[in-house]
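[1] I would like the atomic coordinates for the input below:
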Amino acid sequence: MALSERKVEIVRTLVAGAPDHVVDGLQRALGDVMGDSPLAVVRRLVQREVRDRQLRNLILQPIVPMCVGDGRDPHGLTFPALVLPLMWKGLKAIAAPQIEEAAGALFDFRPGESSPAPFDAVLKTAAAALRVRDPKEFRMAAELCEGARADGAASLAACLDIGPVVRRATLRLADWVAHFNEDTTAAARLAYRDACAISDDAGPRYFEMIAAHMPHPWMVLRVISAVMDKPNERYLAESELGAFAERAMADIDEALQAVSQLDVDGGAEAAKAAAAKVELVTQLVSELESCIALSRDSGWGRRLLRQKNSLASVVEGRIRDAEKHVALSLPTQPPKLRRLRRSVPRLSISPDRRLVGRAMTLLQFAQAIRGSANYGGFASARSRMLDKVGDHLDHYVEEVLDLIKSGDAESEPVAREFLALAADYSCLVRDEKAAELVRRRAAAVVFPATPAARVG
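    Okay, the predicted model is just below:
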């Protein structure tokens with residue numbers, strides 16, 4: 001049964017208003033649909049929308065990654081996501097011949113070789129339409145931008161002005177970020193000068209746009225450092241680009257707060273999230289130290305040193321917590337025989353799931369920070385904890401096995417639970433081989449081979 005024109009129009013409207021990731025998901029989901037069924041009609045609508053957005057995103061490429069959410073990101077220059085479809089609709093009304101020329105150029109376009117002039121011409125038209133706020137889609141886009149920030153419309157128009165420079169720069173970003181040499185440094189400085197030649201205040205805006213195209217926005221510090229020849233902190237702080245370094249240090253403070261607030265009841269996801277914040281701090285500290293000539297005795301250098309010390313202190317605290325919670329989750333009690341001085345495993349009550357969960361979270365955190373430990377300054381604390389917990393597990397497993405063998409375990413099922421728990425801990429503290437060894441030894445004691453099986 002075919003869809004009516006009314007329903008087709010409803011679907012078309014819904015698809016046109018959906019975010020890019022939703023449209024991409026629809027395209028994948030409908031990829032195998034063929035024929036003239038209603039789903040096939042939807043598939044064709046989605047395919048047309050995907051092609052249209054590909055052209056839109058190529059033409060407006062310099063500003064595409066800046067159009068996210070509601071445009072109120074305090075960590076960078078952004079614009080509301082709805083600005084893109086509004087501007088594109090307006091451009092179709094006033095620049096159809098230019099868009100058609102750009103679409104034709106797209107067929108054999110080779111980044112870095114082909115001229116982007118047809119795309120840049122559309123950017124120029126968009127900037128002019130935004131300033132006069134005509135047609136209505138550009139008026140709506142301008143109002144959205146100003147709802148997010150007072151100078152939003154003016155900032156977007158200025159971004160469109162230097163869009164051609166940014167487009168050329170983004171083609172070389174991978175080289176600029178990976179390795180700077182005389183050629184790449186000269187190219188980065190030339191692009192910066194080209195942007196500033198368009199507008200006296202284009203410098204910070206240019207770097208905001210470059211940052212939006214990077215895997216991590218803070219990586220723009222590498223380009224700033226190359227353009228300014230690794231500036232000292234005082235010079236950079238007094239320049240219009242000092243905000244980028246300040247933003248990175250604010251990100252460090254935010255990440256440190258998140259690590260200190262690790263939810264020990266949050267399980268593996270909480271552990272991985274906190275570990276990712278630890279890695280972020282080490283990356284940001286390394287980036288700032290590499291890109292800026294810092295003084296350890298004052299200013300940013302002193303602040304960064306405090307942040308490094310704070311990271312080590314917070315992480316080492318979590319490492320100590322891991323050791324403590326492992327011990328708490330493997331409870332002991334005084335021995336029945338007075339001549340024995342050390343405590344023995346308490347095997348009368350099943351493991352406390354809350355204590356176990358906390359111990360697992362903290363051990364997973366300790367495991368996940370191994371890549372950051374050396375640079376972060378807590379590698380030795382982490383190694384000591386793993387060694388101590390590993391030794392504790394060895395002794396604990398031996399004692400539980402002895403209690404089972406001798407028949408002194410209060411509850412053999414509970415003893416098996418604790419052995420399974422010790423195996424899980426061993427996997428995090430050492431590796432899967434150590435865990436498997438505990439499991440095999442537990443199985444050998446709990447289910448001993450019969451004499452006939454041993455002979456065979």
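[2] how many neighbours does K433 have?
    For K433, the number of neighbouring residues by other CB atoms under 10 Å comes to 9. Quick note: C-beta positions are derived from backbone N, CA and C, even for glycine.
[3] how about stretch 317-327: buried residues?
    By neighbour count with 16 or more other CB atoms under 10 Å, stretch 317-327 contains the buried residues R318, I319, D321, A322, E323, H325, V326, A327.
[4] tell me which of those fall in strands.
    Of the buried residues of stretch 317-327, none are assigned to strands by DSSP state E.
[5] which of those sits closest to G112?
    Nearest to G112 out of the buried residues of stretch 317-327 is R318 (CB to CB; 46.6 Å).
[6] so V326 touches A359, yeah?
    Yes: contact criterion CB atoms under 8 Å: V326 and A359 qualify, at 4.8 Å.
[7] which residues are in contact with each of the two?
    Y425 (CB atoms under 8 Å, 6 or more residues apart in numbering).
[8] now the buried residues of stretch 317-327 in TSV, with pLDDT and distance to R149?
    Shown next, in TSV, are the buried residues of stretch 317-327 (pLDDT from 0 to 100; distance: CB to CB, whole Å):
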residue	pLDDT	distance to R149
R318	96	38
I319	96	42
D321	96	42
A322	97	44
E323	96	48
H325	97	46
V326	97	50
A327	95	53
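[9] just the ones of those residues in helices?
    In helices, defined here by DSSP state H, the members of the buried residues of stretch 317-327 are R318, I319, D321, A322, E323, H325, V326, A327.
[10] where does pLDDT dip in the stretch 251-400 of the chain?
    The stretch 251-400 of the chain contains residues with pLDDT under 70 at 336-341.
[11] now with 80, please.
    The stretch 251-400 of the chain contains residues with pLDDT under 80 at 335-342.
[12] what about the strands in it?
    332-333, 344-345 (DSSP state E, counting those that start in this stretch).
[13] now do the contacts for A18.
    L26.
[14] give me the phi and psi for it.
    When quoted as degrees, to the nearest 10, the phi and psi of A18 stand at phi -80, psi 150.
[15] about what we covered before: any idea which of the strands of the stretch 251-400 of the chain is most buried?
    strand 344-345 (a mean of 22; mean count of other CB atoms under 10 Å).
[16] partner strands of that strand, with direction?
    When pairing is defined by DSSP bridges, strand 344-345 lines up against strand 332-333 (antiparallel).
[17] returning to that earlier point: distance to E208 added to the strands of the stretch 251-400 of the chain, as JSON lines?
    What follows is the strands of the stretch 251-400 of the chain, written out as JSON lines (distance: least, CB to CB, whole Å):
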{"stretch": "strand 332-333", "distance to E208": "58"}
{"stretch": "strand 344-345", "distance to E208": "60"}
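[18] nearest approach to V400 belongs to which of the ones you listed?
    strand 344-345 (5.1 Å).
[19] and the contacts of the closest one?
    Taking CB under 8 Å, 6+ apart as the rule, strand 344-345 contacts L330, P331, T332, Q333, P334, P335, Y396, E399, V400, L403, A415, F418.
[20] now rank these by neighbours and give me the top one.
    Counting by other CB under 10 Å, top hit in these: V400 with 25 neighbours.
[21] how far away is it from L55?
    With the distance defined as CB to CB, to the nearest Å, V400 ends up 67 Å from L55.
[22] per-residue pLDDT, the residue nearest to L160 when sequence neighbours are not counted?
    Sequence neighbours aside, A127 is the residue nearest to L160 in space, at 3.8 Å (criterion: CB to CB, 6 or more residues apart in numbering). Per-residue pLDDT puts A127 at 98.
[23] then V455?
    Looking at V455, its pLDDT is 42.
[24] for D70, phi and psi?
    D70 adopts backbone torsions of phi -100, psi 0, taken as degrees, to the nearest 10.
[25] count of residues packed around it?
    D70 has 13 neighbours, counted by other CB under 10 Å.
[26] contacts only, for it.
    Taking CB under 8 Å, 6+ apart, we find D70 in contact with P80, A81, A148.
[27] need the residues you listed in a markdown table (columns: secondary structure).
    Formatted as a markdown table, the contacts of D70 follow (DSSP: H, G, I helix; E, B strand; the rest coil):
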| residue | secondary structure |
| --- | --- |
| P80 | coil |
| A81 | coil |
| A148 | helix |
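[28] helices along the stretch 251-400 of the chain, start to end?
    Taking DSSP state H, counting those that start in this stretch, the helices of the stretch 251-400 of the chain run over residues 267-291, 299-329, 353-368, 370-376, 379-406.
[29] now do the stretch 51-200 of the chain
    Assigned by DSSP H, counting those that start in this stretch, the stretch 51-200 of the chain shows helices spanning 83-94, 96-106, 117-132, 136-148, 152-161, 163-170, 173-178, 182-198.
[30] show me the one of the ones you listed that comes nearest D263.
    Among the helices of the stretch 51-200 of the chain, helix 136-148 comes nearest to D263, with 31.9 Å by CB to CB.
[31] can I get the CA coordinates of the closest one in CSV?
    What follows is helix 136-148, C-alpha atoms only, in CSV (Å, rounded to 0.1, in the frame of the first residue of the first chain):
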residue,chain,number,x,y,z
LYS,A,136,13.2,35.2,6.8
GLU,A,137,15.3,32.1,7.5
PHE,A,138,18.3,34.3,8.0
ARG,A,139,16.4,36.6,10.3
MET,A,140,15.3,33.5,12.3
ALA,A,141,18.9,32.3,12.4
ALA,A,142,20.2,35.7,13.6
GLU,A,143,17.6,35.8,16.3
LEU,A,144,18.5,32.2,17.5
CYS,A,145,22.2,33.3,17.6
GLU,A,146,21.4,36.4,19.6
GLY,A,147,19.3,34.3,22.0
ALA,A,148,22.3,32.3,22.8
